[in-house]
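>>> How does the following fold in three dimensions:
(2 chains)
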There are 2 protein chains.
Amino acid sequence: MSRFLPAWLAGYRRDHLPGDLSAGLIVTVMLVPQSLAYAMLAGLPPQMGLYASVLPIIAYAIFGTSMTLAVGPVAVASLMTASALTPLAVPGSADYVGLAMQLALMSGGMLFAFGLFRLGFLAHFLSHPVISGFISGAAVLIAIGQIRHLLGVRIEADGVIATVVALIAALPSTNPVTVAIGLSSVTLLVLARSRLPGWLVAAGLARARAELLGKLAPMAVVVLATLAVGLLELDKIAKVAVVGHVPAGLPSLPSADQMLPGWESLTQLLIPALLISLVGFVESVSVAQSFALKRRQRIDADRELLGLGAANAASALSGGFPVTGGLARSVVNFSAGANTPLAGVVSAALMAVVLMLFTSWFRAMPHAVLAATILVAVTSLIDLKTLSETWHYDRADALSLAATALGVIILGVEHGIVLGVALSLAVIVWRGSRPHIAVLGRLPGSEHFRNIERHTVETLPGWLLLRIDESLLFANAMQVRAQIDSMLAADPAIKRIVISCAGVNQIDSTGLETLSTLESDLARQNIQLLLAEVKGPVMDRLATTGFGQTMQGRVYLSLHDAVTCAQ
Amino acid sequence: MSRFLPAWLAGYRRDHLPGDLSAGLIVTVMLVPQSLAYAMLAGLPPQMGLYASVLPIIAYAIFGTSMTLAVGPVAVASLMTASALTPLAVPGSADYVGLAMQLALMSGGMLFAFGLFRLGFLAHFLSHPVISGFISGAAVLIAIGQIRHLLGVRIEADGVIATVVALIAALPSTNPVTVAIGLSSVTLLVLARSRLPGWLVAAGLARARAELLGKLAPMAVVVLATLAVGLLELDKIAKVAVVGHVPAGLPSLPSADQMLPGWESLTQLLIPALLISLVGFVESVSVAQSFALKRRQRIDADRELLGLGAANAASALSGGFPVTGGLARSVVNFSAGANTPLAGVVSAALMAVVLMLFTSWFRAMPHAVLAATILVAVTSLIDLKTLSETWHYDRADALSLAATALGVIILGVEHGIVLGVALSLAVIVWRGSRPHIAVLGRLPGSEHFRNIERHTVETLPGWLLLRIDESLLFANAMQVRAQIDSMLAADPAIKRIVISCAGVNQIDSTGLETLSTLESDLARQNIQLLLAEVKGPVMDRLATTGFGQTMQGRVYLSLHDAVTCAQ
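Just a heads-up that it's a prediction; the model follows:
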């Protein structure tokens, strides 16, 4: 029996139950307004956010490996959904909803396939700077996109500049009551985030509990705003935009026609689905890993792919849209004491109850307060600290980061991330194309050789000892040769060159040809070329070549050997 | 006075004169049919090939640095010209001719600008396999394109497959006299190349002279075929396609309108001009360098850019098309005894004489014999030997080579080379993403540590000594971490890990974060992380970071120091 259960369930300990129950309840309190808000952000009817918060969580609980990751609708994936679908259909329309399900299904299928074929390593091609830049850029885009709801204006605009222009043009037609609700919500939310925990601690609460309450305060703000609109009938009197009718009950299974993408949407959604999958996977795994480390648990990246794939397929099946593991809710889940994915199952069950019994409560919920929760949530994703740290450590990485962020804001999410990935790969090539070559001397009284510019070392007349600090690849082979040539030109007394290959991790065929030409050119000038510290895998391949034959007896284990034997 | 002359001219020695004169004369003999043939290949009137062989050579003689490089029309650049211009205008039309001049001007401008800004290193991004694949693919394309002239059929077809199909369809309408001329020319040319030098040596000639005569035999074949057609009036009787009327006299300067590209052609020609420039530059420099080495002369790559840029600008000015340094003529120039660019100047002067006095001699020259010379010349460019050598040494490089060649043949020259460059850059990233990590032990009785799988070494209980053979970059940081984690899991007794960074040439911000997380995760498990052999440039940057601070006192100059000090 237990073989068919997930490991956490088969070995479930009763003392885990209280933590899982309370975490499940608390996450639900946070999840209700968030799932409505992220459905709005994705351009979808509100109930789809709720649907995406039931089955996906259960699917992840079965296939995933993290004990504390909270899966469901998140801001960045919702933005990517909107950005992928808006060119293809009218937001909110039946076509649009169908495409959202197809996108979730494709994303789920890809993640599952990546998991089965152990392709999780693909995500490593998203560097930290690119991910950081992407998330910051997406957060700016999301924030700008929400301002219309805070002002209560309707605008139709493509791209960030057009949106800002349209917003300014629409300023005279703002709805004052909506603005009042929006701004007071933002103010309360900011206070709840920045001050409330401090006040609660001052009032005698424990720090952890105070911070947890601070995280739940948004729900109170949403309830307050909804009550105000509902009791004063502000939606009718002052035309405040509200969520309106949300159909009660669990979602019915979509037909195969609705859910399976046709050839046209398959090709249109392929790249967006791939990007949503990879970005979602990278985010989830890094969140899951950071929590796992705190409790000395382990995450299996390929199993995580299966878990997220199953969650997205379940989302598509139940009429939802792409989901992934979210940072904010996972933090709450963890600090509220979640021990196992049972916490998620509890929260999925509670969401199902909400869907069956309480959807009428959302009728008077104003868009402005949902926009305010999104706005305050995403501003914390704008990560200038990483930009500044990266700038100090590595300019090229900082430029990748900034270019990705600006690319996302100006060109859109998809082009932005593709630009970022292309740039970060270009940086790898550029790094390899500027090899550092050190001239070495012997540390007195030792067998070690070090850079003559950094250490007090002994040099040997007539010898040139070099250390090439890079693999010899086509992108740098010519520079290496040019540097060696100019060192030779500077000292005509040189009769022997020893190249230490401790830093030469690979030699491609252009590098091989460069070395081979160098050897024959030097031989013609009666200069002997020796090699030292050639790594095993490099030597294995060199040995099979004509150059390897020529160098026989001139390859030494260490510089010390080269210098002593050859003398 | 001498300050305004090129160095070779200011310091000209009289004993260089005989060699330069004879080389100039011999190269001209080769240049006449080649320049007509390459103009045909480029889809241009024959006289443009002659024009491109006068001023460009003189311009190169002033700005270039090679003593023996023969500049002028070459096969690959002519093919690239045709491939760039055919989609834009009808070959041979006035528009087409104008575009060819603009292409030469843009290519010249780019080369000159690259030289001024010392951007010659850009060419290093064309790896040897990509260049070899490109040239082989281009040679196949050229050869297939010439078959129509050998058969005397007219076909209109885009792409290699369509061309082959059209050729087969046109077989019934071949011109038998043209086929006879074409096939006998090919036979004679192949014999001249493969057997003639041997026969001449057997007849008592010196080997070098015999080979030089073998290289000049094509001119004799062309003269023979032209005489046959002219005397028997085969062009009229048997409709053999001939060069026809070639206007006499030097080219008049084109108007600025003709030569300066408009905005539209500027954007259309930008990429072709860039590719022609880079490919031409790489080819020229490698030819120039191989000859310079034989005579212990030096080539300055940035000065070469200026020389080739000036040559192309001169070609545009005199109504020609893109030119570059060619291998075949440079070989003849070198072996005929050229000592300085004066040989080129001599040949340019002779070409001017040909243009003024002898263009009527080309009237009856059949296209079939020109096609035969091109065909035989380019088949020697198909380089299967490099493919097989590369395949044995480096599969990834061999695949780049093959993909570039197939890409050129199937997708066309521009897409083919872009594919090749993209692939070769992807290979660099892929190489870096699969780091080799060796576990080390001490070579008995020494201070050196080597891979335990390759050497008989002593290990220390409780210690894990690692050498990471790759820079720590985002593309491999996760794999490195995963490998270290599984080594730790395999031996719970490990209390100290020393990472030798002799192969870690760079650490990007993702690599830094991975190291930093590793350190804190290990510290939590009471395992100490030490570093050894961190290179100067890497250490300089690490020192400024939080991780660098944490590691203070735990970074050792050598593994030996780490092991002895920490014990």
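>>> Can you point out the buried residues in the lengthiest helix in chain A?
Using DSSP state H to assign secondary structure, the helix with the most residues in chain A is helix A:263-294. Within helix A:263-294, the residues scored as buried using 16 or more other Cβ atoms under 10 Å in any protein chain shown are A:265, A:268-269, A:272-285, A:287-292. Glycine gets a C-beta too; all of them are placed from N, C-alpha and C.
>>> Could you tell me the angle between the helix or strand following it and helix A:263-294?
Sequence-wise, the next helix or strand downstream of helix A:263-294 (DSSP states H and E) is helix A:301-317. Interaxial angle, helix A:301-317 versus helix A:263-294 (axes from the mean of the first three to the mean of the last three Cα atoms, to 10 degrees): 130 degrees.
>>> quick one: buried residues of helix A:301-317?
Neighbour-count burial for helix A:301-317 [16+ other Cβ under 10 Å]: A:301-302, A:304-317.
>>> ok, which of the buried residues of helix A:263-294 also contact chain B?
Contacts with chain B within the buried residues of helix A:263-294, counted by Cβ under 8 Å from any Cβ of the partner chain: none were found.
>>> Need the pLDDT of A:Q567.
Looking at A:Q567, its pLDDT is 65.
>>> ignore the last one, A:L31
Per-residue pLDDT puts A:L31 at 91.
>>> Which stretches in chain A count as strands?
Using DSSP state E, the strands of chain A run over A:70-72, A:324-326, A:437-442, A:449-451, A:463-468, A:496-500, A:528-532, A:555-556.
>>> As JSON lines, the ones you listed with mean neighbour count would be great.
As requested, the strands of chain A are exported to JSON lines (neighbours: other Cβ atoms under 10 Å in any protein chain shown):
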{"stretch": "strand A:70-72", "mean neighbour count": "32"}
{"stretch": "strand A:324-326", "mean neighbour count": "28"}
{"stretch": "strand A:437-442", "mean neighbour count": "19"}
{"stretch": "strand A:449-451", "mean neighbour count": "22"}
{"stretch": "strand A:463-468", "mean neighbour count": "22"}
{"stretch": "strand A:496-500", "mean neighbour count": "23"}
{"stretch": "strand A:528-532", "mean neighbour count": "20"}
{"stretch": "strand A:555-556", "mean neighbour count": "19"}
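>>> Nearest approach to chain B belongs to which of those strands?
Closest approach to chain B among these (Cβ to the nearest Cβ): strand A:449-451, 5.6 Å.
>>> For the closest one, which strands pair with it and how are they oriented?
Using DSSP bridges, the strands paired with strand A:449-451 are strand A:437-442 (antiparallel).
>>> can you tell me the average pLDDT over the partner strand?
Strand A:437-442 comes out at a mean pLDDT of 93.
>>> Repeat that for stretch A:373-380.
pLDDT averaged over stretch A:373-380 gives 88.
>>> Can you tell me which of the strands of chain A is nearest to B:N175?
Closest of those to B:N175 is strand A:528-532, at 58.7 Å (criterion: Cβ to Cβ).
>>> quick one: the closest one to strand A:496-500, angle?
Using the same axes, to 10 degrees: strand A:528-532 against strand A:496-500 is 20 degrees.
>>> tell me the domain boundaries of chain A?
A:15-137+A:150-426, A:437-566 (automatic domain parsing).
>>> B:A328 is nearest to which of the ones you listed?
B:A328 lies closest, by Cβ to Cβ, to one member of the domains of chain A: domain A:437-566, at 21.4 Å.
>>> next one: stretch A:372-391 to chain centre, how far?
A distance of 14 Å separates the centroid of the chain from that of stretch A:372-391, by Cα atoms, centre = their mean, to the nearest Å.
>>> Ok, stretch A:52-61 next?
Mean-position distance between stretch A:52-61 and its chain equals 21 Å (Cα atoms, centre = their mean).
>>> got it, and stretch A:510-522?
Offset of stretch A:510-522 from its chain centre (Cα atoms, centre = their mean): 43 Å.
>>> how about A:T163, what does it touch?
A:I144, A:G145, A:R148, A:I155, A:A157 (Cβ atoms under 8 Å, 6 or more residues apart in numbering or on different chains).
>>> Mind telling me the two of those residues farthest from one another?
Using Cβ to Cβ, these span at most 11.2 Å, a distance reached by A:I144 and A:I155.
>>> sorry, back to before: mind putting the domains of chain A in CSV, distance to B:P492 included?
Shown next, in CSV, are the domains of chain A (distance: least, Cβ to Cβ, whole Å):
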stretch, distance to B:P492
domain A:15-137+A:150-426, 14
domain A:437-566, 28
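>>> Pick out the residue of the stretch 101-250 of chain A closest to chain B.
A:S127 (3.3 Å).
>>> Is it correct that that residue is in contact with A:A398?
No: in this structure, A:S127 is not within contact of A:A398 by Cβ atoms under 8 Å, at 11.7 Å.
>>> which of these two has more neighbours?
Taking other Cβ atoms under 10 Å in any protein chain shown, A:S127 and A:A398 do not tie; A:S127 has more neighbours (28 against 20).
>>> Give me the pLDDT value at the residue lying closest to that one once chain neighbours are set aside.
Nearest non-adjacent residue to A:S127, counting by Cβ to Cβ, 6 or more residues apart in numbering or on different chains: B:F474, 3.3 Å away. Here the pLDDT value assigned to B:F474 is 87.
>>> B:F474: neighbour count?
28.
>>> what sits against the residue of the stretch 101-250 of chain A closest to chain B?
Counted by Cβ under 8 Å, 6+ apart, A:S127 has contacts A:D397, A:S400, A:S424, B:F474, B:A475, B:D508, B:S509, B:T510.
>>> thought the last one was touching A:V130?
What that stands for is B:T510. No: assessed by Cβ under 8 Å, B:T510 is found out of contact with A:V130, at 9.3 Å.
>>> Now list whatever residues contact both of these two.
Joint contacts of B:T510 and A:V130 (Cβ under 8 Å, 6+ apart) are B:F474.
>>> these two touch, right, A:T68 and A:V331?
No: between A:T68 and A:V331 there is no contact under Cβ under 8 Å: 9.2 Å.
>>> The two: which is more packed in?
Shown here are A:T68 and A:V331; by other Cβ under 10 Å, A:T68 has more neighbours (28 against 18).
>>> Pull the contacting residues for the closest residue to chain B within the stretch 401-550 of chain A.
Proximity of the stretch 401-550 of chain A to chain B (Cβ to the nearest Cβ) peaks at A:F474, 3.3 Å away. The contact partners of A:F474, by Cβ under 8 Å, 6+ apart, come to A:D508, A:T510, A:G511, B:H124, B:F125, B:L126, B:S127, B:H128, B:P129, B:V130, B:S424.
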